[in-house]
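Q: Got a predicted structure plus its sequence, pasted below:
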Amino acid sequence: MKRFRLSILSCAILFCGVAQAEIYKRVDANGRVTYSSAPLKGGKKLQLEPLPTMAPQPVPPRMSNRNSDFRVDESTQSKRDDTRRKILEDELATEQKALEDARAKLQVTQDTPEVYKSADGKTYRNIPKYEKNVSDAQEEVTAHENNVKALKSEISHLK
């Protein structure tokens, strides 16, 4: 079994030298460039420099090696919580203003019928367009109400 492994290893070492090939380049009359590992008529052998190599990057230590009892001190955490509360309260105020605007828009949409004039000059109500506009305005109000509810819930969970 050792002989078999040794013979495989020696064959691999012998073929490593064969794997390196010479490269030839030829440019024809039309300016087309052809590269080949076999000599080409009118081609020139290229002298290529070896590719630069780099040492591998060091692997950072794993988290398990570090102190797993990492904690933020109370004053730092308190500052972070205060900042988070301020951000959420600002978002809540902005969302409540947007909700008021959306409700006003819904009221205007409900009070304004959609009409169109026919070719003979008569005025007709465009019920489908009116219902679509009211539906869109109601969806906007509902979205803002859900956002306000979510922000209030998030604020209530803060310490």
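A: Yep, it's here. Numbering: from 1, shown residues only.

Q: now the helices for the chain?
A: 2-19, 74-111, 127-156 (DSSP state H).

Q: check contacts around the closest residue to Tyr35 other than its chain neighbours.
A: Leaving out its chain neighbours, the residue that sits closest to Tyr35 by CB to CB, 6 or more residues apart in numbering is Lys25, at 5.6 Å. Yep, even glycine has a C-beta here, placed from its N, CA and C like the rest. Residues near Lys25 by CB atoms under 8 Å, 6 or more residues apart in numbering: Val33, Thr34, Tyr35, Gly43, Lys44, Leu46.

Q: so what's Lys25 bridging to?
A: Following DSSP bridges, Lys25 is listed with bridge partners Tyr35, Lys44.

Q: How much space separates it from Lys86?
A: 67 Å (CB to CB, to the nearest Å).

Q: Likewise for Arg32?
A: Relative to Lys86, Arg32 is positioned 67 Å away (CB to CB).

Q: Confidence-wise, which helix or strand of this protein is lowest on average?
A: In the chain, the helix or strand scored least confidently by mean pLDDT, DSSP states H and E is helix 2-19, which has a mean of 66.

Q: okay, now Asp101: neighbour count?
A: If you count neighbours by other CB atoms under 10 Å, Asp101 ends up with 13.

Q: Revised request: answer the last question for Asn147.
A: 17.

Q: How about the contacts made by it?
A: Glu95, Leu99.

Q: one more time with 7 Å, if that's ok
A: Glu95 (CB atoms under 7 Å, 6 or more residues apart in numbering).
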